[in-house]
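[1] Below is the sequence, then the predicted model.
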Amino acid sequence: MDKEMNFNSPAVYRIRIQEDLGTEWDEWFCGFELVRETRGGILLTGMVADQAALHGLIRKVRDLGLTLVSVQRVEHQTKEGETV
């Protein structure tokens with residue numbers, strides 16, 4: 001059974017960017033976990049209130065001149081961080 005998604009409700013998103021950022025940028029993405037990937041790049045994971053907030057976050061990535069690789073809405077996350 002397919003359930004209809006409400007994209008204007010809070011949800012967890014994973015946003016992958018190509019470039020590396022130093023730890024001094026963590027506060028700029030407040031509320032998001034920044035994971036530095038071993039092959040380079042950053043994975044941002046966190047709760048987004050609605051589509052307007054998601055667009056604001058993507059705008060921050062753009063304003064820094066970073067390369068957006070992917071945006072993924074996560075339906076459910078286990079304690080270990082795996083998507084279910």
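    Okay, I see it.
[2] tell me the mean pLDDT for stretch 61-79?
    Average pLDDT, stretch 61-79: 84.
[3] pretty sure residue 13 contacts residue 73?
    Yes: contact criterion CB atoms under 8 Å: residue 13 and residue 73 qualify, at 5.7 Å. Any C-beta I mention is one placed from the backbone N, CA and C, and that applies to glycine too.
[4] what about the closest residue in space to residue 10 that isn't next to it in sequence, how many neighbours?
    Leaving out its chain neighbours, the residue that sits closest to residue 10 by CB to CB, 6 or more residues apart in numbering is residue 49, at 5.3 Å. The number of residues packed near residue 49 is 12, by other CB atoms under 10 Å.
[5] next one: the one 10 residues further on
    Other residues within reach of residue 59 by the criterion other CB under 10 Å amount to 10.
[6] What residues of the helix or strand containing it count as buried?
    Here residue 59, judged by DSSP states H and E, is contained in helix 51-63. Of all the residues in helix 51-63, those buried under the rule 16 or more other CB atoms under 10 Å are 54, 57, 61.
[7] On the three-state scheme, residue 35 is what?
    Under DSSP: H, G, I helix; E, B strand; the rest coil, residue 35 falls in the strand class.
[8] So what sits opposite it in the bridge?
    Taking DSSP bridges, one obtains residue 43 as the residues bridged to residue 35.
[9] Quick check: it touching residue 45?
    Yes: if you go by CB under 8 Å, residue 35 and residue 45 touch, sitting 7.1 Å apart.
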